[in-house]
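# this one's sequence-less:
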């Protein structure tokens, strides 16, 4: 039976992975996606190797310094493989400061396409040997962010306003060794001086500050209900003891002796 259950689980996992692969569209990413305007201006002026801004609508914006002819973007699929990272509002900034759209990247000899395993952004053929920057928008979770470390170097993640990671049960950041700062917009900045690709994933779990107060209120209410129930239980026990005393029953006997009628017949 256990073997059949194991085979069934493996079959379901295989079908889930297969359905995920079949649902992936391969080929060039449509122009209407890569040319769309980003919700906010990209942080081109930052000096990080990778700068990530998490937005309140669960999307995030990323600016990556690229010193190669292309970059591969993906997420781990949980089965030892990868899936392509969905991208929109793709931009490339030349070292000179010129910024071009996704379609212009293609017009200048580059490409933006999706395979079963990854999204490939190939830089324009006229991009210099100096480091340029690629920017894109993608989607994530409301209270958790994770992304593979595509390049080595310094990283910065900016959380939406009023989000924190201070309480371990609700918030954390990995890897450790980061510095944090809250700006005038009440946004928490997490900065890593140097991360290499041996650290496969960078992740942050965060919470909205008011959620903590809500949780605290609920926990306090549950505690009060529990204490009230305990007091009510003790009160009922005391009432029973009083009634037994009034009826002349022996209430001094130990509870263990109350139901002890001695050993079974023949074993005394």
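Yep, that arrived. The shown structure was predicted, so the numbers you read here are calculated from the model rather than taken from an experiment.
# may I have the beta-bridge partners of the closest residue to residue 77 other than its chain neighbours?
Leaving aside its chain neighbours, residue 77 sits nearest to residue 83 (4.9 Å; criterion: CB to CB, 6 or more residues apart in numbering). In short, each C-beta sits where N, CA and C put it, glycine included. Residue 83 has the following beta-bridge partners by DSSP bridges: residue 75.
# hmm, residue 83 is touching residue 74, no?
Yes - assessed by CB atoms under 8 Å, residue 83 is found in contact with residue 74 at 6.4 Å.
# so what sits against both of these two?
Common contacts of residue 83 and residue 74, defined by CB atoms under 8 Å, 6 or more residues apart in numbering, comprise residue 117.
# so the two - more neighbours on which side?
Higher neighbour count among residue 83 and residue 74: residue 83, with 22 against 18, using other CB atoms under 10 Å.
# list the contacts of the more buried one.
Residue 83 neighbours (CB under 8 Å, 6+ apart): 20, 24, 74-77, 116-117.
# give me the buried subset of those residues.
74-75, 117 (16 or more other CB atoms under 10 Å).
# any chance of a markdown table for those residues, columns pLDDT and distance to residue 229?
A markdown table is the format used below for the buried ones among the contacts of residue 83 (pLDDT from 0 to 100; distance: CB to CB, whole Å):
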| residue | pLDDT | distance to residue 229 |
| --- | --- | --- |
| 74 | 97 | 52 |
| 75 | 96 | 47 |
| 117 | 96 | 55 |
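# what's the closest of those to residue 168?
Nearest to residue 168 among those, counting by CB to CB, is residue 75 at 25.5 Å.
# correct me if wrong: the closest one contacts residue 86.
No - contact criterion CB under 8 Å: residue 75 and residue 86 do not qualify, at 9.2 Å.
# pretty sure residue 121 sits in a helix.
No - assessed by DSSP: H, G, I helix; E, B strand; the rest coil, residue 121 does not belong to a helix; its assignment is strand.
# what number of residues lie near it?
With other CB under 10 Å as criterion, residue 121 counts 24.
# assumed residue 233 was part of a helix.
Yes - according to three-state DSSP, residue 233 belongs to a helix.
# and it, how far from residue 176?
46 Å (CB to CB, to the nearest Å).
# and residue 230, what element?
helix 209-246 (DSSP states H and E).
# now do that helix, average pLDDT.
Summarised as a single mean, pLDDT over helix 209-246 is 70.
# re the thing from before, with distance to residue 97 added, can I get the buried ones among the contacts of residue 83 in CSV?
Output for the buried ones among the contacts of residue 83, formatted as CSV (distance: CB to CB, whole Å):
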residue, distance to residue 97
74, 29
75, 31
117, 33
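# residue 132 bridge partners, please.
In this entry, residue 132 is beta-bridged to residue 66, by DSSP bridges.
# what about it, neighbour count?
By other CB under 10 Å, neighbour count at residue 132 equals 20.
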